[in-house]
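In: Predicted model and sequence follow; I will ask about them next.
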Amino acid sequence: MYAKGDCMVNLKCDLMNRWKGMDKILPQVDDLDLSILCALKENARISNSELAKILNVSETTIRRRIKNMEEKGIIRGYTALINFYVIENSIKAFIYLKVDKRNLGDVVKALMNERRVVTLYRILGDYDLLCEGLFLSMKELQEFVDKNLKIPGIISTVTHIVSKAYIPCEWIGI
C-alpha cells in the first residue's frame, strides 16, 4: 500500500506478501517502489502516466523511480509471459541428478544446451542438480532421459512428472 496524503492506494501482489514484515532498512525499495513493482508485475505495459494517476504521484516521480530500480538491477527487463501449456500441451518434469563432482561443469554445459531444459539448479542434499524440463510427449521425455542423461559424470537420476500445478510458474504457464 502506498499512502499519499489522504489517498491510500492498494496494489496487492505476491511481492507485498513476500516482503511483509521485512526490515525496511535492508531492502532498496520503499512502499512506493513496491507499489510500482506490483503494478509492473501485473502489467508491464502500463504507461508511466497511468501508473502516476493510480499512485497519485507525478509522472516524473514514476519515471525516476523506475529508472533507479533498473540501474540498481531490481528491474532486469520487461517480457511477455507465455503460457506454453496452451500452445503445446507440455509435460513438465523435474529431474534430479547425482553427478560426479569432477564432471559437474561438463554435465551443466551439456544440459544448458538442451532445448527442452527450462531451468537448471545446483542444489544441496542427496542430488547435485535439479533440471526442469518441458516435453511435448512422454516419448520425448523418455528419449531425453535415455539420450541426454546417459552422459559421463551422471551417476543417477530421479524423474518426477507434474500432474497438477496448485501454484503454477507464471513464466512458463505450468
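Out: Cool, the structure landed. Bear in mind that the values here come from a model prediction, so they are computed numbers and not experimental data.
In: CA atoms for contacts and neighbours, from now on please.
Out: Noted.
In: Can I get the top helix by length along the chain in CSV, CA atoms only?
Out: With secondary structure taken from DSSP state H, the chain has its longest helix at helix 59-72. In CSV, the C-alpha atoms belonging to helix 59-72 read as follows (Å, rounded to 0.1, in the frame of the first residue of the first chain):
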residue,chain,number,x,y,z
GLU,A,59,4.8,11.0,-13.8
THR,A,60,8.3,12.3,-13.3
THR,A,61,8.5,10.5,-9.9
ILE,A,62,7.4,7.3,-11.6
ARG,A,63,9.9,7.6,-14.4
ARG,A,64,12.7,8.4,-11.9
ARG,A,65,11.8,5.6,-9.6
ILE,A,66,11.7,3.0,-12.4
LYS,A,67,15.0,4.2,-13.9
ASN,A,68,16.6,4.0,-10.4
MET,A,69,15.3,0.4,-9.9
GLU,A,70,16.6,-0.5,-13.4
GLU,A,71,20.0,0.9,-12.6
LYS,A,72,20.1,-1.0,-9.3
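In: same for that helix, what does it pack against?
Out: helix 31-42, helix 48-55 (3 or more Cα pairs under 8 Å, 6 or more residues apart in numbering; DSSP states H and E).
In: Please identify the buried residues of it?
Out: Neighbour-count burial for helix 59-72 flags 59, 62, 65, 66, 69 (criterion: 16 or more other Cα atoms under 10 Å).
In: By mean pLDDT, which helix or strand of the chain comes out lowest?
Out: strand 7-9 (a mean of 41; mean pLDDT, DSSP states H and E).
In: I figured residue 160 hits residue 95, correct?
Out: Yes: with contacts counted by Cα atoms under 8 Å, residue 160 reaches residue 95, the gap being 6.2 Å.
In: Could you check how far the residue positioned nearest the centre of the chain is from residue 33?
Out: Most central in the chain under Cα atoms, centre = their mean is residue 171, positioned 5.9 Å from the mean C-alpha point. Distance of residue 171 to residue 33, given as Cα to Cα, to the nearest Å: 22 Å.
In: All good on my end, thank you.
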